[in-house]
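> no FASTA, just this:
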Ligand SMILES: Cc1ncc(COP(=O)(O)O)c(C=O)c1O
């Protein structure tokens, strides 16, 4: 793990009960664990709140690539016929991920919601801050959830059954090496535990992925087509794991989890290695540009992945508000206070972001390292 977070680990569940470990590192959290979670991309809400028409917003509130993979026309039979599994989607995905056993799902979100149903009530540590749907899914299925900052994972691994990490993390951008992940997996699987690695943001940095590691008991990797390919609306993702886990998923999901048009488009996007290579270079250049703009204008350290940059400051809420008043939507995370910026999609949008950022009022701020 490459970045530090000073927070303690915290425990929550649908009906929280007090719990501490012998070294008192685990405490109850009051974070919500049920109902709908907050996400980026809720432009409709911003339109109502700030009274600015939809087409006048620059929405940087997600980490979705604004340069979408060029979607072709879909043949009529994809709409007419029931989807069939011999259309080459699984093979294209196996080649792209370098693995031998996977299952397509309607977005990695579908897998996130189902995973907790495949285990008896367990002690589950989830990276925090992270994509909040993980915690919501485990806690609402009767598991005891521990919110764990990236730099505390090592110290709690002996006390848990399941570890859920996001690599690279969203929003904190912490990265985990395969050596570190496989060491945790070995510790967990020895006692029937699982390591779940959510690789939704890894496509731009494939060397970091453990998707191609031969399938083993208790190792579950989740992938998304939404972020890197800019196809969040297509609702496609993959679970990469050993055949027994995949069979249980398949049984719960039933047939036709992906529509025919989704299967057709995803298969081609996964096979388009020229676009992928060119886009990896493009995204890392743009992410660096975003980092520089944020650091120069806000005077704060920015950190991120090729698809987003984040600043941590006690004034995140004020900046979020000021930007929204100028029609720029960002994603605010409350604890710790982070402001996440996705990539602008055109030169005009870059210019607009920079001109708003350079005029932002800068109250006394607490920098990331403080
Ligand atoms: C870390 C992470 N994992 C998974 C998802 C779910 O993505 P999808 O269901 O589109 O594959 C998201 C969505 O924002 C995310 O941020």
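Arrived safely. This is a predicted model, so every value here is computed, not measured.
> for the stretch 201-350 of the chain, which segments count as helices?
Along the stretch 201-350 of the chain, counting by DSSP state H, counting those that start in this stretch, helices occupy 243-253, 260-271, 273-298, 316-325, 347-358.
> wait, which of these is closest to residue 90?
Across the helices of the stretch 201-350 of the chain, residue 90 has its closest neighbour in helix 260-271 (8.9 Å, Cβ to Cβ). Just so you know, the C-beta spots here come from the backbone N, C-alpha and C atoms, and that holds for glycine as well.
> hmm, who's touching the closest one?
Defining contact as Cβ atoms under 8 Å, 6 or more residues apart in numbering, one finds that helix 260-271 is touched by 69, 71-72, 74-75, 77-79, 81-83, 87-89, 92-93, 95-96, 104, 106, 225, 229, 231, 234-236, 258, 275.
> and for stretch 80-93?
With Cβ under 8 Å, 6+ apart, stretch 80-93 has contacts from 102, 104, 238, 256, 258-260, 263-264, 266-268, 270-271.
> which of these tops the neighbour count?
Of all those, residue 238 has the most neighbours under the rule other Cβ atoms under 10 Å, reaching 28 neighbours.
> so what's that residue up against?
The contact partners of residue 238, taken as Cβ under 8 Å, 6+ apart, are 93, 97, 102-105, 108, 222-223, 225.
> and the ligand, which of these contact it?
Filtering those for proximity to the ligand by Cβ under 6 Å from any ligand atom leaves residue 108.
> so which residues on the stretch 101-250 of the chain come close to the ligand?
With Cβ under 6 Å from any ligand atom as the criterion, the stretch 101-250 of the chain comes near the ligand at residues 107-109, 131, 166, 170, 198, 200, 224, 226, 232, 237.
> and the residues you listed, which two are furthest apart?
Between any two of these, the greatest separation by Cβ to Cβ is 16.4 Å, found for 166 and 232.
> more crowded one of those two?
Ranked by neighbour count (other Cβ under 10 Å), residue 166 and residue 232 place residue 166 first, with 26 against 18.
> helices and strands of the chain: which one bottoms out on pLDDT?
Here the helix or strand of the chain ranked lowest by mean pLDDT, DSSP states H and E is strand 27-28, holding a mean of 37.
> just give the number of residues close to residue 80.
Neighbour count of residue 80, defined by other Cβ under 10 Å: 8.
> report the separation between it and the ligand.
Remark: distance between residue 80 and the ligand (Cβ to the nearest ligand atom, to the nearest Å) = 26 Å.
> nearest residue to residue 243 other than its sequence neighbours?
Among residues not flanking residue 243 along the chain, residue 101 sits closest, at 5.5 Å (Cβ to Cβ, 6 or more residues apart in numbering).
> tell me the contacts of the one you found?
Residue 101 is in contact with 215, 240-243, 246, counting by Cβ under 8 Å, 6+ apart.
> tell me which two of those sit farthest apart.
240 and 243 (11.3 Å).
> can you pull the residues that touch both of the two?
Counting by Cβ under 8 Å, 6+ apart, the common neighbours of residue 240 and residue 243 are 101, 215.
> re earlier: looking at the contacts of residue 101, which one is closest to residue 61?
Distances from residue 61 to the contacts of residue 101, taken as Cβ to Cβ, are shortest for residue 240 (28.4 Å).
> what is the neighbour count of that closest one?
For residue 240, the count of nearby residues is 29 (other Cβ under 10 Å).
> ok, now which ones touch it?
By Cβ under 8 Å, 6+ apart, the neighbours of residue 240 are 97, 99, 101-102, 211, 215, 220-223.
> same thing but 7 Å
Listed by Cβ atoms under 7 Å, 6 or more residues apart in numbering, the contact partners of residue 240 are 97, 99, 102, 211, 221, 223.
> the third one touches residue 95, doesn't it?
No - counting by Cβ atoms under 7 Å, residue 95 is not a contact partner of residue 102; they are 10.9 Å apart.
> for residue 261, give its distance to residue 64.
Residue 261 is 19 Å from residue 64, where distance means Cβ to Cβ, to the nearest Å.
> assumed residue 176 was part of a strand.
No - Residue 176: not assigned to a strand; according to DSSP: H, G, I helix; E, B strand; the rest coil it is coil.
> neighbours of it, how many?
Neighbourhood size, residue 176 [other Cβ under 10 Å]: 21.
> OK, contacts around the nearest residue to it once chain neighbours are set aside?
Closest residue in space to residue 176, ignoring its immediate chain neighbours: residue 167 at 4.8 Å, by Cβ to Cβ, 6+ apart. Applying Cβ under 7 Å, 6+ apart, one finds that residue 167 lies in contact with 175-176, 197, 199, 202, 208.
> columns pLDDT on top of those, output as CSV?
Below are these laid out as CSV (pLDDT from 0 to 100):
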residue, pLDDT
175, 98
176, 98
197, 98
199, 98
202, 98
208, 97
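> from those residues, pick the one nearest residue 121.
Closest to residue 121, out of all of the contacts of residue 167 and judged by Cβ to Cβ, is residue 197, at 22.0 Å.
> now the closest one: which helix or strand?
Take DSSP states H and E as the rule and residue 197 turns out to sit in strand 194-198.
> just give me how far that strand sits from the chain centre.
Strand 194-198 has its C-alpha centroid displaced from the chain centroid by 13 Å (Cα atoms, centre = their mean, to the nearest Å).
> that one packs against which elements?
Judged by 3 or more Cβ pairs under 7 Å, 6 or more residues apart in numbering; DSSP states H and E, strand 194-198 is in contact with strand 162-166, helix 178-189, strand 219-224.
> alright, calling it a day.
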